[in-house]
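Q: One predicted model, sequence on top.
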Amino acid sequence: MTFSLDSLRRRPDVEAPDLVAVDAADRLILDESAAARAEADDGRLVVIGDAYGALTLGSAAAGARGIRVHQDPLTGERALHANANASGLDGTFASRALDADLVRDARVVLLRLPRSLDALRDIAGLLAAHASRDVVVFAGGRVKHMTLVMNDVLRADFAHLDVTLARQKSRVLIARDPGAGRDPAPACATHDGLVVCAFGGAFAGTAVDIGTRFLLDHLPARLPADGSVIDLACGTGVIATTLALRHPSLKVIGCDQSAVAVASARATAAANGVAERVSIVRDDMLGAQADGSAAFIALNPPFHSGAAVHEGIAPRMFAEAARALRVGGELWTVWNSGLQYRPALERLVGPTRQIARNAKFTITASARR
């Protein structure tokens, strides 16, 4: 079977004509790394941040085997596996957590640059600590998302850094000669008695974003004693942990598709002494939750798919919440008032009432029909 990057799809992530599965940065990283990849032994190639499989499957199609891969979003990981199956490249790679085993003794690393500098620091430190001493890192991205500070972050852990010429508004940073490095560790900060922990790249970091803060101020004083209580798209676990602290008899589930969010939420729950009552699950929305099993769901929905803003993300989450809610269960949602989500909530979940509104945000409660 002949492999083509143009055959890649984004499924199960949002698909639309203006959302692509492969871009010029992927192609440039593959071109710049071709010679190094050809000399790397099987099992010595690592791919980090591959959106939907372009870097992994492009390398596999060129002959690489035993590729170790980390993708933060679960949708990206599932898209990679679906694309591999469609391309006949199953078995050429393994999905891994972002830890020492992912990068141990790696000689070539292909990295899509994260937009978060803290995430890049975590990755660079991990590579420097555990990859081969002769590792070469090809870190690329779209020029509009790159900054000179990224060069400085890589130079803090690698003695030698080259910068390629730009091509089709993309560029690659090539890092060599790693230093001592370090394993990632969460940063923590305290807000009104709540300890918030975050690994690099987690949304809002150790802060509490203003939408979440507004929702925290208006969560219901009482919650059902039966049925699951869920923080959907839990991020660093602020809402899940707060619900557990306010309701000592309840067990709470936090769900997020981001691996770094899941690690951060678990750290937040542990830092606040409620880890035994807060279960954090890496999931594509609520895929692991049974139909009609939830009594209460809190949601501060994202509106980005990767770097792209897309209006179709939140309605998919509303529909998934409706599936998981029992009849009479409620979805409490905070949303930017300009997005006008109420008609979608009424249609997809059920009767919706306004709980609170300020200059920017609206909080609604939607009852499952």
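A: Done, it's in.
Q: Give me the longest strand you can find in the chain.
A: In the chain, assigned by DSSP state E, the strand with the most residues is strand 325-336.
Q: and it, what does it pack onto?
A: On a contact count with 3 or more CB pairs under 8 Å, 6 or more residues apart in numbering; DSSP states H and E, strand 325-336 meets helix 210-216, strand 294-299, helix 313-324, strand 361-367. All C-beta spots, glycine's among them, are computed from the backbone N, C-alpha and C.
Q: Contacts for that strand next, please.
A: Identification of contacts with strand 325-336 by CB atoms under 8 Å, 6 or more residues apart in numbering yields 211-212, 214-215, 219-220, 224, 227, 292-301, 303, 314, 318, 321-322, 341, 345, 349, 355, 360-369.
Q: In TSV: the helices and strands packed on strand 325-336, plus distance to Asp284 and mean neighbour count.
A: Shown next, in TSV, are the helices and strands packed on strand 325-336 (distance: least, CB to CB, whole Å; neighbours: other CB atoms under 10 Å):
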stretch	distance to Asp284	mean neighbour count
helix 210-216	21	19
strand 294-299	15	25
helix 313-324	9	20
strand 361-367	21	21
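Q: ok, which stretches of the protein are helices?
A: For the chain, helices defined by DSSP state H occupy the ranges 24-39, 54-61, 74-87, 100-103, 117-130, 148-155, 210-216, 238-246, 259-271, 313-324, 342-348.
Q: Which one of these lies nearest to Pro12?
A: Closest approach to Pro12 among the helices of the chain is made by helix 74-87 (5.5 Å; CB to CB).
Q: so who does the residue lying closest to Ile29 once chain neighbours are set aside touch?
A: Leaving aside its sequence neighbours, Ile29 sits nearest to Gly140 (CB to CB, 6 or more residues apart in numbering; 4.1 Å). Applying CB under 8 Å, 6+ apart to Gly140 gives the contacts Ala25, Asp26, Leu28, Ile29, Glu32, Leu111, Arg112, Leu113, Ser170, Arg171, Val172, Leu173.
Q: out of those residues, who's nearest Leu148?
A: Lowest distance from Leu148 to these (CB to CB) belongs to Leu173, with 10.6 Å.
Q: Any idea how many residues pack against the closest one?
A: 23 (other CB atoms under 10 Å).
Q: and the closest residue to it other than its chain neighbours, what are its bridge partners?
A: With CB to CB, 6+ apart as the measure, Ala139 is the residue that lies nearest to Leu173, at 4.6 Å, once sequence neighbours are left out. Judged by DSSP bridges, the bridge partners of Ala139 are Leu111, Leu173.
Q: so Ala139 sits right up against Pro114, yeah?
A: No - using CB atoms under 8 Å, Ala139 is not in contact with Pro114, being 9.5 Å away.
Q: more crowded one of these two?
A: Between Ala139 and Pro114, counted using other CB under 10 Å, Ala139 has the larger neighbour count: 29 against 22.
Q: And the pLDDT at that one?
A: pLDDT, Ala139: 98.
Q: show me the residues around it that make contact.
A: Val109, Leu111, Arg112, Leu113, Met150, Leu154, Val172, Leu173, Ile174, Ala175.
Q: how does it look with 7 Å?
A: Contacts for Ala139 (CB atoms under 7 Å, 6 or more residues apart in numbering) come out as Leu111, Leu113, Leu154, Val172, Leu173, Ala175.
Q: same deal with Val208?
A: With the criterion set at CB under 7 Å, 6+ apart, Val208 makes contact with His191, Val196, Val238.
Q: To Phe93, which of the helices of the chain lies closest?
A: Smallest distance to Phe93 across the helices of the chain (CB to CB): 5.2 Å, for helix 54-61.
Q: just to revisit the earlier point, now render the helices of the chain as CSV, adding distance to Val46 and mean pLDDT.
A: Formatted as CSV, these follow (distance: least, CB to CB, whole Å; pLDDT from 0 to 100):
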stretch, distance to Val46, mean pLDDT
helix 24-39, 11, 98
helix 54-61, 10, 98
helix 74-87, 14, 97
helix 100-103, 5, 98
helix 117-130, 8, 98
helix 148-155, 16, 98
helix 210-216, 34, 97
helix 238-246, 32, 98
helix 259-271, 15, 98
helix 313-324, 29, 95
helix 342-348, 40, 97
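Q: Those: which one's closest to Thr164?
A: Nearest of these (CB to CB): helix 24-39, 5.9 Å.
Q: elements contacting the closest one?
A: helix 54-61, strand 108-112, strand 136-142, strand 170-178 (3 or more CB pairs under 7 Å, 6 or more residues apart in numbering; DSSP states H and E).
Q: Please name the nearest non-neighbouring residue to the residue nearest in space to the middle of the chain.
A: The chain has Ser258 as the residue nearest its centroid, 2.9 Å off, counting by CA atoms, centre = their mean. Computed as CB to CB, 6+ apart, the closest residue to Ser258 that is not its neighbour in sequence is Asp72, at 5.3 Å.
Q: any idea of the mean pLDDT for the longest strand of the chain?
A: Strand 325-336 carries an average pLDDT of 97.
Q: Please identify the pairing partners of it and their relative orientation?
A: Sheet partners assigned to strand 325-336 using DSSP bridges are listed as strand 294-299 (parallel), strand 361-367 (antiparallel).
Q: could you dump those to CSV with distance to Gly287?
A: Formatted as CSV, those follow (distance: least, CB to CB, whole Å):
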stretch, distance to Gly287
strand 294-299, 13
strand 361-367, 20
